[in-house]
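In: what follows is a predicted structure for the sequence shown.
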There are 2 protein chains.
Amino acid sequence: MVSLLTIDFYQRKGWKRLVTLVEIAKKLNLNVSTVSRALSRPDMVAEATRERILETVASYEYRPNSIARSLRKGKTCTLGLIVSDIQNPFYAAIVKAVEGIASGHGYSTVVCNADENPQKETEALHLLSEMKVAGIIHGSTGANLHILQSLSRQGFPIVDIDRVSGLTDADTVLVDNQAGARLAAEHLLELGHTRLAVITGPQHLTTGRDRLDGFRLALSAAKIALPDALVHIGDFREGSGYEATVRLLGLSSPPTALFVANNEMAAGALTALRERSVLIPDALSLISFDDVRWAKYLEPALTVIAQPTEQLGTLAAELLFERLSGRKEVVRRVLQPTLITRGSSTPPREIAVADA
Amino acid sequence: MVSLLTIDFYQRKGWKRLVTLVEIAKKLNLNVSTVSRALSRPDMVAEATRERILETVASYEYRPNSIARSLRKGKTCTLGLIVSDIQNPFYAAIVKAVEGIASGHGYSTVVCNADENPQKETEALHLLSEMKVAGIIHGSTGANLHILQSLSRQGFPIVDIDRVSGLTDADTVLVDNQAGARLAAEHLLELGHTRLAVITGPQHLTTGRDRLDGFRLALSAAKIALPDALVHIGDFREGSGYEATVRLLGLSSPPTALFVANNEMAAGALTALRERSVLIPDALSLISFDDVRWAKYLEPALTVIAQPTEQLGTLAAELLFERLSGRKEVVRRVLQPTLITRGSSTPPREIAVADA
DNA sequence: TTGTAAGCGTTATCAA
DNA sequence: TTGATAACGCTTACAA
């Protein structure tokens, strides 16, 4: 009878045969609180009792229910991480770094994929807020400032990573995108290019804006013109890099050097250049943001502006944990990107574009 | 006084100013249950009351506490996903696919990185079991069968992905690794190679074993010898691909064709080949598992065995949800990899290896 | 249509 | 050193 009841009970609920503290306590004729203490504060319970308990716990393969614990304690050991594309190696590195730091602290990481879609970001934020995560790290689309502010007011520590959301009380970890773009421009200028083009990202993202601004600034400092026809605004995805490149190549006088503001669009640009048999670097010098693995395997290898991706993720997670352990001041860290010169950028040679 | 008490209370607990059902109910002079119903079963509450409630809920930015809900309902809306390297594009694609399906079902995904480390996998499994996730998808290291069995007995639905764990009651989504390796071998054999080498993964992983077996089978069917010196067992990481390649190149008669069993080791192999100026495909034909993005950007582009990665992740997640909605039979899906012929594999040419 | 109350599995407070 | 008990925020019989 009893066993029948038990089975029915556990079939009604989702968790099937999960042992609980109460059951362990019953087996041992002890009180739940004693068993609980034996696990969380072993020194507060007599040696003999403790051993009996630990034995039973092991033999029943008991695992504490962190849901119940979280509810009782009023805190979770879960971090929320929102990125715009897990498959982009840039974010993959961040995910890995954050997960690493988090698990080192005994925290788990819930990864949400916003896909550059404000609607998906909204859902992700709601999800994380309902999960009552201990904190949120996110590369913002910039569209959900209102929700972020509300979450922040509710006490969720928030860390902006890679992009600024507009939150005033969030810690921030950024790469100096202007400096990176300047490095790229100056490198091309030093090589002697005077007709330079740029494919950047959406202007509502700090990354897209700053990388264009930096490029523009360097050019104007060198008194080199940047006509509108040589400026393309993509969406940081492969397709837009392809299309922008096609249009640039269609110009009556195409550029001799091209700066692409992230790795995805660079991949698109490459495809377009290959299709049209544009020789790199002879017909066009190419430089892009992000030192992805394949950059060095290309022929010629790709000159890039490298971002310290792991450091970005590590730092963001560390700032979050500092915040969780009481830091009050808002911290803003700006990391410096570096130029890695490879074969895809050389001085301009006045060679005609080969026919496709 | 009241406000002081409140502040003190919320400072003691971690969750700071999170509105609860009780508070909403109090503001409205309603019972919690009514408020709860207004949100989860709106039709069971009077139009007027419902509107009053929804207004207040919105103005207080109330978000249900999913911890409490999970505890009460005895189920979570969280999936656990264990992969051995988030940064490997193969797993990144799986993570993305799983997360996509999960969020479509209103589920969140906790991603754990096992790093090919059984110890880390153990921790991840314990974490997920304590979180009482609704189900677990994992590419097993093969070392934690005991824990997996225990979890399975406790009622956690488990899906094996990419590798088999040994669980008998887990759904499984695999790629036919033997067939893939056979495709690779047959391709090289058809090109006329007779001295073929292979770099495979750990033999305790089905992927490492099957890819070697398939290769071996194809060669023996063609009556081509595979001497031990031409077989290298790596660990699926870049470094081991590099080292194995270096050793292969050091042989008195090096192979004319090389099959590398995953993309990471292929990257390592490439580095070694470049360093030693071994011309591909003239001195060595190269083929690898995994059609990563950069494979087609190489010069020559890399011939690969492509795995249907998104499909792998999608299917795994779908099987899990089917299981959650009651399916009892164990399902095992085997997906077929495909050969993508590119420039890195050609008939052997008897050209000496250029000096480094 | 709404209210009452029990309970999910823990932990923490208080008493014994 | 241990036990009894009340929470944590929510859902859901059941009663009104």
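Out: Cool, got the structure. Note that this is a predicted model, so its numbers are computed, not measured.

In: so is stretch A:252-271 next to chain B?
Out: Yes: applying C-beta under 8 Å from any C-beta of the partner chain, one finds stretch A:252-271 in contact with chain B at A:267, A:270. C-beta here means a position set from N, CA and C on the backbone, and glycine is covered the same way.

In: that stretch: end-to-end distance?
Out: With C-alpha to C-alpha, to the nearest Å applied, stretch A:252-271 spans 21 Å between its terminal residues.

In: state the distance from the residue in the stretch 251-356 of chain A positioned nearest to chain B to DNA strand D.
Out: Closest contact between the stretch 251-356 of chain A and chain B, by C-beta to the nearest C-beta, is at A:W294 (2.8 Å). Going from A:W294 to DNA strand D by C-beta to the nearest atom of the strand, to the nearest Å gives 47 Å.

In: one more: A:S66?
Out: 12 Å.

In: number of residues surrounding that residue?
Out: Taking other C-beta atoms under 10 Å in any protein chain shown as the neighbour definition, A:S66 ends up with a count of 21.

In: same question for A:P255.
Out: With neighbours defined by other C-beta under 10 Å, the count for A:P255 comes to 22.

In: where does chain A have low pLDDT?
Out: Applying pLDDT under 70 to chain A flags residues A:1-16, A:350-356.

In: roughly how far does the residue nearest to the spatial centre of it sit from A:Y297?
Out: For chain A, the residue nearest the mean C-alpha position is A:Y91 (4.0 Å; C-alpha atoms, centre = their mean). In this structure, A:Y91 and A:Y297 are separated by 21 Å, where distance is defined by C-beta to C-beta, to the nearest Å.

In: wait, A:H204 touches A:G142, no?
Out: Yes: under the criterion of C-beta atoms under 8 Å, A:H204 is in contact with A:G142, at a separation of 5.2 Å.

In: more neighbours: these two, which one.
Out: Each of A:H204 and A:G142 has its neighbours counted (other C-beta under 10 Å); A:G142 has more, 17 against 12.

In: that one should be in a strand, yeah?
Out: No: counting by DSSP: H, G, I helix; E, B strand; the rest coil, A:G142 is located in no strand; its state is coil.

In: how close does it sit to DNA strand C?
Out: Look at A:G142 and DNA strand C: by C-beta to the nearest atom of the strand, they are 38 Å apart.

In: tally of neighbours for A:G106?
Out: Neighbour count for A:G106, taken as other C-beta under 10 Å: 9.

In: got phi/psi on it?
Out: Summarising the backbone geometry of A:G106 under the convention degrees, to the nearest 10, its torsions are phi 80, psi 20.

In: so what's it closest to, chain neighbours aside?
Out: What sits nearest to A:G106 in space, not counting adjacent residues and going by C-beta to C-beta, 6 or more residues apart in numbering or on different chains, is A:C77, at 5.9 Å.

In: and that neighbour, what does it touch?
Out: Taking C-beta atoms under 8 Å, 6 or more residues apart in numbering or on different chains, we find A:C77 in contact with A:66, A:70, A:105-108, A:134.

In: what values do phi and psi take at it?
Out: When quoted as degrees, to the nearest 10, the phi and psi of A:C77 stand at phi -110, psi 60.

In: and what of the one 5 residues further on?
Out: Reported as degrees, to the nearest 10, the phi and psi values for A:I82 are phi -110, psi 120.

In: measure the nearest residue to it once chain neighbours are set aside to A:L320 for me?
Out: The spatial neighbour of A:I82 that comes closest, neighbours along the chain excluded (C-beta to C-beta, 6+ apart), is A:H138 at 3.8 Å. Distance of A:H138 to A:L320, given as C-beta to C-beta: 11 Å.
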